[in-house]
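Okay, predicted coordinates and the sequence, questions at the end:
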Amino acid sequence: MHLYILRRLLYTLPIIIGVTIVCFSFIHLAPGDPISAVLPENASADLVAEIKAAYGLDQPLPVQYLKWLYHVASGDFGTSIMTRRPVVSEVLPAVANTALLAITAITLSFTFGITLGLAAGFSDRRVTDRSVTAFAVVGISVPHYWLGMVLVVIFAVLLRGLPATGMGPAGTHFWEFGFEDLRHLVLPALTLAMIPSGVLARSVRAMVAEVRRQEFVQTLKGKGLRRPRIFLHIVKNAAPPILAIMGLQFAQLLGGSILVETVFAWPGTGFLLNAAIATRDLPLLQGTVIVLATFFVLTNLAVDILQTAIDPRVRRT
Amino acid sequence: MSATVETGNVASTPRAAPKRRKTGGFWRRVARHVMRDKLALVCTVVLALIALSAIFAPWVAPADPYKTSMIRRLLPPLSPNYILGTDELGRDMLSRLLYGGRVSLAMGISPVILATLIGGALGVTAGYFGRHVNMAIMRVVDVFYAFPSVLLAVAMAGVLGAGIFNSLISLTLVFIPPIARVAEAVTTQVRNQDYVEAARATGASAPRIIVQHVLANVTGPILTYASSLVSIAIIISSGLSFLGLGAAPPIADWGLMLNTLRQAIYVAPINAVLPGAMIFAASVSFNLLSDSLRTAMDVRA
């Protein structure tokens, strides 16, 4: 067990290094010179060289990368070109806002998805099964940014019941979270919850149906166990893969919230990323991507370890 | 997350049978199964309609999709001469939706095709040769797999700059890792089969074995998996346009139309959400069709 965790951790390290290399290369993939954004149009060659030296861009790439990595590892993501503030102080509040949205959405979708999936998996009525499957297909195939717009049209434009965009007055002061903030949270959270709900409903349904077909269920029935007990046995057997899917969905949610945040003008990481792209603020873009990607990798790691702890069968090589 | 690119579900296992049967044939059997599935048939019809009306848009569309009119802006659907109303510049919505299918469908399908070719080649190579080759290829693939798919697409497109070509590159990059992983997994299974061993024993060269024995048995699962990505690709590519990173105005593109009409959501809510309905229709159809394909390919079914 400990050996597995250690091996899994060792395997994660090169992945994270790879992720930083990709993020580092962003600056050099961008068309034009990375410093063109800060240079005046008619900059002299001397000035260009001077600024390049100031940003350390005159050194060979591996040296630049290592220096940059050293800074990133110590929490210094550089300075935003547009606001001239440290990237960290831009990214952290955005991460908090995205986390609030993502955690609400994932709680909703776990509740919906698992309930619907269990209902469909255990029900012997075709109607239940069919309607849950239909819901799941819609959830998986709906463009969530569009779903957000449709919800805005229904609840904000036609019914005028909920605010269409923005975050409540509490902003990042979560301790002041009140009713008005809750109202702002409803539509984006519902929108964001739709896809994971669909994915989960479908997987839970398939998993339960598969476990129900296994022979041990017949044995349990033959032994005369009551239905609730059998239910527990099935759920226990279906749980580990579902857990993995839940973890993956949560991780994907953070990336997927980019589009939903744009629709609702939610001041999170997606919104920040958009602003960074619009103003070609590469350090800010790099910082945001690196934080989100690292979080994604770590979530997957946590899920893997948790899964092994619960179900020793999945302990791979 | 829309873009939940999962590699988990490689339902169909490679068949260790001679690659072609005279009667019926594998692909014909699959086609027959799909045709018998009513839902899949409906999806095929819907997709065919969308695709054909996009291809023949110049003949089908009632008006010029680029002709603006300042006095006829944001007319509601069912207005005279404008069945689906007009957009924020007074252009005919129906015509723009029909024309929009060209860019939107192409941008959804072509990255998956490109990624299947590249990712498939990488995965099969890694799976067949194993060891160091596998390590070298798959570790790089893992790095790109370590990004949430939407994030990677948006970040790449954002770095490269707006435009159809750049968003095509970013989308292809997003779909290479999951396809390569599936291809690698299936190929690793096939390569340990007896018939591959036998071919190797007769002295067949690696390229020959790959083409004749491996590819014949891995294309099915790879294509099934790739087909499940088309729906996600349409959603993400339209999403890029929605963020202003894809097609540039005044091109008719569903994602871009959603973006520009969003400002008018209070004035003309129905018009504003119409382009999304097209994205949704296309994505649902592709999804159901790929589901049907998966069941058809599965030997157990």
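Received, thanks.

Contact residues of the stretch 101-250 of chain B facing chain A?
Counting by C-beta under 8 Å from any C-beta of the partner chain, the positions of the stretch 101-250 of chain B adjacent to chain A are B:139-140, B:142-144, B:146-152, B:154-155, B:158-161, B:231, B:235, B:238-239, B:242-245. Where C-beta positions appear, they are placed from N, C-alpha and C, glycine not excepted.

From the centroid of chain B, which residue is nearest?
Centroid-nearest residue in chain B: B:Val230, 2.0 Å away (criterion: C-alpha atoms, centre = their mean).

Excluding residues flanking it in the chain, which one is nearest it?
The shortest distance from B:Val230 to any non-neighbouring residue, by C-beta to C-beta, 6 or more residues apart in numbering or on different chains, is to B:Phe286 (4.5 Å).

can you check B:Ala155 too?
The shortest distance from B:Ala155 to any residue that is not its chain neighbour, by C-beta to C-beta, 6+ apart, is 4.8 Å, and that residue is A:Val289.

Is the one you found in a helix, a strand, or coil?
Using DSSP: H, G, I helix; E, B strand; the rest coil as the criterion, the local structure at A:Val289 reads helix.

measure it to A:Leu6 for me?
28 Å (C-beta to C-beta, to the nearest Å).

counting contacts, what elements does the helix or strand hosting B:Val273 pack onto?
In this structure, B:Val273 is located in helix B:269-297 according to DSSP states H and E. Helices and strands in packing contact with helix B:269-297 are listed as helix A:126-141, helix A:144-151, helix B:26-36, helix B:38-55, helix B:93-129, helix B:215-242, helix B:254-261; criterion 3 or more C-beta pairs under 8 Å, 6 or more residues apart in numbering or on different chains; DSSP states H and E.

tilt between that helix and helix B:215-242?
Here the directions of helix B:269-297 and helix B:215-242 differ by 170 degrees (axes from the mean of the first three to the mean of the last three C-alpha atoms, to 10 degrees).

Show me which positions of helix B:269-297 end up buried.
In terms of neighbour count (16 or more other C-beta atoms under 10 Å in any protein chain shown), helix B:269-297 has its buried residues at B:269, B:271-276, B:278-297.

Report the angle between it and helix B:254-261.
Relative orientation of helix B:269-297 with respect to helix B:254-261: 160 degrees, computed using the same axes, to 10 degrees.

Let me know the secondary structure of A:Leu225.
For A:Leu225, the reduced secondary structure class is coil; criterion used: three-state DSSP.

Pull up the distance across stretch B:208-224, start to finish.
24 Å (C-alpha to C-alpha, to the nearest Å).

scratch that, stretch B:246-256
End-to-end distance of stretch B:246-256 (C-alpha to C-alpha): 8 Å.

Find the residue closest to B:Pro250 in space, skipping its chain neighbours.
B:Tyr66 (5.7 Å).

next structured bit after the helix or strand of chain A with the lowest mean pLDDT?
Least confident helix or strand, chain A: helix A:45-54 with a mean of 77, by mean pLDDT, DSSP states H and E. Next helix or strand after helix A:45-54 toward the C-terminus (DSSP H and E): helix A:61-73.

Does that next one reach chain B?
No - remark: helix A:61-73 sits outside contact range of chain B, by C-beta under 8 Å from any C-beta, the gap being at least 14.5 Å.

Show me how far that helix is from its chain's centre.
The chain centroid and the centroid of helix A:61-73 are separated by 26 Å, computed with C-alpha atoms, centre = their mean, to the nearest Å.

What average pLDDT does it get?
Helix A:61-73 carries an average pLDDT of 85.

Need the per-residue pLDDT for whichever residue of the stretch 201-301 of chain B sits closest to chain A.
Relative to chain A, the nearest point of the stretch 201-301 of chain B is B:Gly276 (3.0 Å; C-beta to the nearest C-beta). In this model, B:Gly276 is scored at 91, pLDDT.
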